[in-house]
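Engineer: Below are the sequence and a predicted model for it; my questions follow.
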Amino acid sequence: MKLKLVFLFICFTSIASSQLLKGTVKDTLGTVPFASIRIKDGNNTIKQFTTSNENGTYQIELTSPKDSLYLEVTTLFHEPKTIGLVNQKMENNSIKIDVFLKPRINQLKEVVITKAPPIVKKKDTLEFNPDSFKDGTEKVVEDLLKKLPGIKVEENGIITYKGKEIKKLLLDGDDLFDGNYTTGSRNISVNMVEKVQGLENYEENSLLKGIKHTDEVAINLVLKKGESDFSGNASLGYGIENRHYGTATGILINKKVKGFGVSSINNIGINNSPYNFNSEVLSIESIRNKKYTAKSLLSEGNFNSILDASFHNLNNNFYTSLNGLYKVYKKSVFKINAGFYLDKLTRVNESSSQVMLNNSSFTINEVNRIRKKPQIIDANLLFANKEKERFHWEYIAKLTNSRINTFETSINNGFLQNSAVQTEALSLTQTLNSTFKISEKKALTNSLLFVRSKTPQNLVLNPDTTIDFESQLRSSIQNSEFIKEFSMFNTSYLINNGDFLYAIQTNLFQVKNSFISDLQNINSISLGSDFQNNTIYKIKN
């Protein structure tokens, strides 16, 4: 009976969380396009937002129970309309509400705006007023973004806007953080932000605007005090059992310079860095560069858990990052990002299982301890020359070096197994891009990319493992190394005649993968050529 109740509860929860609200907005002249549709709660806080389309219809999927919400419809030319959802009838998990708006009767000679509207739409940009969404619990930008309608922040820091992952997180229109934008979203104080802008059809290459169509999105943080500002904050905490937390940030903004720095140290499970060693996804940038870099063969320990990280994540984290952008000459930009990450992660799992089989029983006791010590140094450099109106070029260099030491101990009914994995990854990426704008509707672009990366690893097992029972070969050490070189040249000729975009493209790329591995005994002596790999894999296209 309890199982049935749980099943019914799950079904009810699933249905309740997928209610669709739809309808049409009308007035005395017919349908009303582009009306603001807001879903609010009892505290007058905006929970969701959309607009009616050119035909006056709207629809929005409710993310909260309808009993606590009400619908508000407004335009500049009509009286606002508010409708509670608590008594609205629902059919097939949807609620239909057609809204009739009355025209504004009073014409004011002078309008004084005392409070900025929560959301303003400007062509391809939605502008959010943070004060309309704050409740006092926000500390950094990521806390604020989680409360803005249409924006979602994943657990690993990835930000999506209108269902798409953002390409950039900008500061007053400038890209300070490149791919590791979580450095900013997790550390910039929310009190520094005046507005948040969601950008659709984002094109970072200014010469291609109006020529190349893009469906990418970005978020721009408009900072307070605009012209020139230096500010920062720091916090420090100390608790029982030698628990500590400290962080300090500083930001400098003026016409020529943008700079942001952060230093963080703690052993209470908080991660202010863009790196995540509790999962297989190291960082947002590692996802984007996955096809260019060498992979690791040996597992570096599994820290995933069904429990929330605050219950089991024991760390000793230090992270610092310096990010600077300097406007050279009139339009050119020089940017540098440098970061250092150091941590000590620990996880302990203990389990005891009793198995009943054929009227007999036996017990399985398991203990698993993992310690991981990662260290990362990364540096990015960019110079973008935009002095000429029709020709821009940029050079980008990225260097990443990571060292990870993983120690794992497993005990299964008294049988002890120790393992240690050492990984050192080095990656260098260089990119040269250029754009020549032939006319308002024609452009020529070129891109040259070269990536070299290697990931040597060493595994030590104690006790060793039998490889061949007949010859009694036993392996205690495995050495492996992946080396990858990726080079690509792309040139595109773009023509936009207003109705169609034509592109003539040439793409040349070459990939070279090398893999070397060797099994050794406890005395570091190779087991022979039968237990070695030395392969090279090449692609040219």
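Structural biologist: Structure's in. What do you need?
Engineer: can you pull out the helices in the stretch 151-300 of the chain?
Structural biologist: Along the stretch 151-300 of the chain, counting by DSSP state H, counting those that start in this stretch, helices occupy 182-185, 284-288.
Engineer: Next, format those as JSON lines and append mean neighbour count and distance to S475.
Structural biologist: For glycine as for every other residue, the C-beta is placed from the backbone atoms N, C-alpha and C. Formatted as JSON lines, the helices of the stretch 151-300 of the chain follow (neighbours: other C-beta atoms under 10 Å; distance: least, C-beta to C-beta, whole Å):
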{"stretch": "helix 182-185", "mean neighbour count": "25", "distance to S475": "40"}
{"stretch": "helix 284-288", "mean neighbour count": "17", "distance to S475": "30"}
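Engineer: Including distance to L252, could those helices go into TSV?
Structural biologist: Converted to TSV, the helices of the stretch 151-300 of the chain look like this (distance: least, C-beta to C-beta, whole Å):
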stretch	distance to L252
helix 182-185	14
helix 284-288	24
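Engineer: Any idea which of the ones you listed has the lowest pLDDT on average?
Structural biologist: With a mean of 73, helix 284-288 has the lowest mean pLDDT of the helices of the stretch 151-300 of the chain.
Engineer: how about it as CSV, C-alpha atoms only?
Structural biologist: Only the C-alpha atoms of helix 284-288 are listed here, as CSV (Å, rounded to 0.1, in the frame of the first residue of the first chain):
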residue,chain,number,x,y,z
ILE,A,284,33.5,24.4,-19.1
GLU,A,285,36.6,25.1,-21.2
SER,A,286,37.6,21.4,-21.1
ILE,A,287,34.2,20.5,-22.6
ARG,A,288,34.7,22.9,-25.5
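Engineer: Sketch out the low-pLDDT regions of the chain for me.
Structural biologist: Counting by pLDDT under 70, the chain contains low-confidence residues at 1-18, 106-116, 226-229, 278-282, 284, 303-313.
Engineer: Grab the most central residue of it for me.
Structural biologist: By C-alpha atoms, centre = their mean, the chain has its centre lying nearest to I158, at 1.7 Å.
Engineer: you'd agree that residue is up against L169?
Structural biologist: No. Between I158 and L169 no contact is recorded; they are 11.1 Å apart, counting by C-beta atoms under 8 Å.
Engineer: Please enumerate the helices of the stretch 301-450 of the chain.
Structural biologist: Per DSSP H, counting those that start in this stretch, the stretch 301-450 of the chain carries helices over the ranges 309-312.
Engineer: Quick check: closest non-adjacent residue to N365.
Structural biologist: Distances taken as C-beta to C-beta, 6 or more residues apart in numbering place S352 nearest to N365, at 5.1 Å, with adjacent residues excluded.
Engineer: Test my guess that the one you found contacts I364.
Structural biologist: Yes. Taking contacts as C-beta under 8 Å, S352 lies within contact range of I364: 7.2 Å.
Engineer: Name whatever forms a beta bridge with I39.
Structural biologist: I39 has these beta-bridge partners by DSSP bridges: Q48, L71.
Engineer: For I536, see how far away it is.
Structural biologist: To I536, I39 is 58 Å away according to C-beta to C-beta, to the nearest Å.
Engineer: who's more crowded, these two?
Structural biologist: Between I39 and I536, counted using other C-beta atoms under 10 Å, the more crowded position is I39 (22 against 10).
Engineer: Contact partners for that one?
Structural biologist: L21, I46, K47, Q48, F49, I60, L62, S64, L69, Y70, L71, E72 (C-beta atoms under 8 Å, 6 or more residues apart in numbering).
Engineer: can I see the domain layout of this protein?
Structural biologist: Per automatic domain parsing, the domain ranges recorded for the chain read 17-105, 125-540.
Engineer: Could you work out which of these reaches nearest to P118?
Structural biologist: Nearest of these to P118, taken as C-beta to C-beta: domain 125-540 at 3.4 Å.
Engineer: about what we covered before: need the contacts of I39 in CSV (columns: distance to T506 and neighbour count).
Structural biologist: Below are these laid out as CSV (distance: C-beta to C-beta, whole Å; neighbours: other C-beta atoms under 10 Å):
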residue, distance to T506, neighbour count
L21, 50, 23
I46, 49, 19
K47, 50, 17
Q48, 46, 17
F49, 44, 20
I60, 45, 19
L62, 49, 20
S64, 52, 15
L69, 54, 21
Y70, 57, 17
L71, 53, 22
E72, 54, 17
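Engineer: Just put these in TSV and tack on distance to S476.
Structural biologist: Rendered in TSV, the data for those read as follows (distance: C-beta to C-beta, whole Å):
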residue	distance to S476
L21	64
I46	62
K47	59
Q48	59
F49	61
I60	61
L62	59
S64	57
L69	63
Y70	68
L71	68
E72	69
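Engineer: Out of the residues you listed, which is nearest to S447?
Structural biologist: Nearest to S447 among the contacts of I39: F49, at 37.7 Å, using C-beta to C-beta.
Engineer: ok, and the closest non-adjacent residue to the closest one?
Structural biologist: Leaving aside its sequence neighbours, F49 sits nearest to P149 (C-beta to C-beta, 6+ apart; 4.2 Å).
Engineer: Then F277?
Structural biologist: P374 (5.1 Å).
Engineer: dump the residue contacts of the one you found.
Structural biologist: For P374, the contacting residues are Y275, F277, Y341, L342, D343, L345, S402, R403, I404, by C-beta under 8 Å, 6+ apart.
Engineer: Please apply the same query to L448.
Structural biologist: T431, L432, N433, M488, F489.
Engineer: wait, the first one sits on S447?
Structural biologist: What that stands for is T431. Yes. The criterion here is C-beta under 8 Å, and T431 meets it with S447 at 7.1 Å.
Engineer: burial count for E138?
Structural biologist: There are 19 residues near E138, going by other C-beta under 10 Å.
Engineer: For it, list the residues it contacts.
Structural biologist: With C-beta under 8 Å, 6+ apart, E138 has these contacts: L144, K147, V190.
Engineer: need those residues in JSON lines with neighbour count and distance to D530, can you?
Structural biologist: Shown next, in JSON lines, are the contacts of E138 (neighbours: other C-beta atoms under 10 Å; distance: C-beta to C-beta, whole Å):
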{"residue": "L144", "neighbour count": "23", "distance to D530": "59"}
{"residue": "K147", "neighbour count": "19", "distance to D530": "60"}
{"residue": "V190", "neighbour count": "17", "distance to D530": "61"}
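Engineer: Switch these over to JSON lines; also include distance to V217.
Structural biologist: Shown next, in JSON lines, are the contacts of E138 (distance: C-beta to C-beta, whole Å):
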{"residue": "L144", "distance to V217": "17"}
{"residue": "K147", "distance to V217": "18"}
{"residue": "V190", "distance to V217": "21"}
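Engineer: so of those, which ones are in strands?
Structural biologist: Among those, no member is found in strands (DSSP state E).
Engineer: which residues does E54 contact?
Structural biologist: P33, F34 are the contacts of E54 under C-beta under 8 Å, 6+ apart.
Engineer: I misspoke; the intended subject was D175.
Structural biologist: Neighbour list for D175: K168, E204, L325, K335 [criterion: C-beta under 8 Å, 6+ apart].
Engineer: Repeat that for I159.
Structural biologist: For I159, the contact set (C-beta under 8 Å, 6+ apart) comprises L145, I151, K152, V153, E165, I166, L169, Y181, S185, I219.
Engineer: quick revisit: mind checking the helices of the stretch 151-300 of the chain for the one nearest to S476?
Structural biologist: helix 284-288 (30.9 Å).
Engineer: what's the offset of that closest one from the middle of its chain?
Structural biologist: 9 Å (C-alpha atoms, centre = their mean, to the nearest Å).
Engineer: now stretch 247-264
Structural biologist: Distance, stretch centre to chain centre, for stretch 247-264: 21 Å (C-alpha atoms, centre = their mean).
Engineer: One more: stretch 190-198?
Structural biologist: Mean-position distance between stretch 190-198 and its chain equals 18 Å (C-alpha atoms, centre = their mean).
Engineer: what does it rub up against?
Structural biologist: Outside stretch 190-198, the residues that touch it by C-beta under 8 Å, 6+ apart are 125-130, 134, 138-141, 143-145, 148, 150-151, 161-162, 217, 219-224, 231, 251.
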